[in-house]
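Visitor: need the 3D shape of this:
(one chain, ligands or ions: 1)
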Amino acid sequence: MDITSILSKDLYKDKVVFITGGGSGINLGVAKVFAKLGAKLALCGRTFEKLEGAKKELEELGAEVFIQACDVRDFEGLTSFLKNMKEALGALDILVCGAAGNFLCPANKMSENAFKTVIDIDLMGTFNASRAAFSQLKETKGSMIYISAGQAFIPYFAQCHVGAAKAGIDNLMQNLALEWGSYGIRVNSIVPGPIEGTEGMARLAPGEVGKKLRKMIPAGRMGTKDDIGAAAAFLCSPLASYITGTVLKVDGGMNLAGSGLFTALVSEVMASSSKK
Ligand code: COA
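Guide: Numbers count the residues shown, from 1 in each chain. Now for the predicted structure:
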């Protein structure tokens, strides 16, 4: 079922939604849900060609789309993006901070620069986008969604960089909910579980590993990009107007099983890739 079919097609009519890292994966999935609900989309990412492909897909859904290549580690780049986006689409209503980097690497093998790179993209990138967007969000009494991860509250093997970055994101989310609530701005985090058809799943849980993982998810299935889009559409809507500072897990109950299974599966993936 297309989950947007149960919502008004005009729910986000004329609203401007900016999604960092929106050119692919879960973030593009979230963009598509907003597009089907009438929103205008703005996407940034490092690769212009990816953004062009995403723009085409969103235009086919009827959305007006603005794209500009921009790395979230570059505050000036984000400032320029937001200025140009405002001229093209109007002021920002919703910011989704989804840009992230990830790879499997145990802490004792990780370089200082590798750890810093993920902190810079995920945590600094989220602060940079939020800070750069503040004045426009203040104008519209807008809403922000941070894409977090289960690693933020459960340690996962070979994921210490991601855990530190995502825990930081959730804490930043709560601080900004506290500080910016008086401007009418709401902030919430979404924790996606394993989502099918993403680069993350292809790399972290390929082939047989993915099949084993699927069996262990309490909900009995992998999540979809629409599942995350639906959560974002809910949290940014008037249905959630009194919800701010929360972490919403959209993971089919995956966190309830802890990270032991993931650790066992990752060890398999890493053992098989080190043999190659
Ligand atoms: N294992 C260990 N270290 C790694 C690594 C891996 N698989 N991938 C990158 N690094 C290290 C690099 O070696 C480098 O450290 P060094 O200078 O000490 O050698 C550091 O991380 C930065 O890597 P670099 O590729 O120069 O950074 P980047 O800014 O171009 O890209 C990522 C960083 C994380 C985005 C990149 O690894 C990547 O493209 N990952 C796949 C895409 C992705 O993560 N998508 C998100 C899915 S959730």
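
Visitor: what's the burial count for residue 236?
Guide: Counted with other CB atoms under 10 Å, the neighbours of residue 236 add up to 27. No exception for glycine: its C-beta is placed from N, CA and C like everyone else's.

Visitor: show me where the stretch 51-200 of the chain has helices.
Guide: 75-89, 112-118, 125-140, 160-180, 199-204 (DSSP state H, counting those that start in this stretch).

Visitor: may I see the ones you listed organised as JSON lines, with mean pLDDT and distance to residue 36 added?
Guide: Output for the helices of the stretch 51-200 of the chain, formatted as JSON lines (pLDDT from 0 to 100; distance: least, CB to CB, whole Å):
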{"stretch": "helix 75-89", "mean pLDDT": "98", "distance to residue 36": "17"}
{"stretch": "helix 112-118", "mean pLDDT": "98", "distance to residue 36": "32"}
{"stretch": "helix 125-140", "mean pLDDT": "98", "distance to residue 36": "21"}
{"stretch": "helix 160-180", "mean pLDDT": "98", "distance to residue 36": "26"}
{"stretch": "helix 199-204", "mean pLDDT": "81", "distance to residue 36": "23"}
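
Visitor: may I see these arranged in a markdown table, with distance to the ligand and mean neighbour count as well?
Guide: Output for those, formatted as a markdown table (distance: least, CB to the nearest ligand atom, whole Å; neighbours: other CB atoms under 10 Å):
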| stretch | distance to the ligand | mean neighbour count |
| --- | --- | --- |
| helix 75-89 | 14 | 17 |
| helix 112-118 | 3 | 14 |
| helix 125-140 | 11 | 20 |
| helix 160-180 | 8 | 19 |
| helix 199-204 | 4 | 15 |
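
Visitor: quick one: the ones you listed as JSON lines, columns for distance to residue 3 too.
Guide: Converted to JSON lines, those look like this (distance: least, CB to CB, whole Å):
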{"stretch": "helix 75-89", "distance to residue 3": "25"}
{"stretch": "helix 112-118", "distance to residue 3": "31"}
{"stretch": "helix 125-140", "distance to residue 3": "25"}
{"stretch": "helix 160-180", "distance to residue 3": "24"}
{"stretch": "helix 199-204", "distance to residue 3": "20"}
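
Visitor: now the closest residue in space to residue 105 that isn't next to it in sequence: phi and psi?
Guide: Closest residue in space to residue 105, ignoring its immediate chain neighbours: residue 158 at 5.6 Å, by CB to CB, 6 or more residues apart in numbering. Taking degrees, to the nearest 10, you get phi 70, psi 20 for the backbone angles of residue 158.

Visitor: what is the neighbour count of residue 158?
Guide: 20.

Visitor: just use 425 as the starting number from now, easier for me
Guide: With the count now opening at 425, the last piece we talked about shows up as residue 582.

Visitor: any idea how far residue 568 is from it?
Guide: 29 Å (CB to CB, to the nearest Å).

Visitor: and the helix or strand bottoming out on mean pLDDT in the chain, what does it pack onto?
Guide: Sorting the helices and strands of the chain by mean pLDDT, DSSP states H and E puts helix 684-699 at the bottom, at a mean of 77. Packing contacts for helix 684-699, counted by 3 or more CB pairs under 8 Å, 6 or more residues apart in numbering; DSSP states H and E, involve helix 631-640.

Visitor: rewinding a little: got a list of contacts for the least confident helix or strand of the chain?
Guide: 528, 580, 581, 582, 628, 629, 630, 633, 636, 637, 640 (CB atoms under 8 Å, 6 or more residues apart in numbering).

Visitor: now that helix, how far from the chain's geometric center?
Guide: 25 Å (CA atoms, centre = their mean, to the nearest Å).

Visitor: stretch 434-447 now?
Guide: On CA atoms, centre = their mean, the centre of stretch 434-447 falls 13 Å from that of its chain.

Visitor: mind checking the pLDDT average for it?
Guide: What stretch 434-447 shows for mean pLDDT is 97.

Visitor: same question for stretch 646-660.
Guide: Summarised as a single mean, pLDDT over stretch 646-660 is 97.

Visitor: that stretch: how far from the chain's middle?
Guide: With CA atoms, centre = their mean, you get 10 Å for stretch 646-660.

Visitor: do that stretch and the ligand meet?
Guide: No: Stretch 646-660 is not in contact with the ligand by CB under 6 Å from any ligand atom; minimum separation 12.6 Å.
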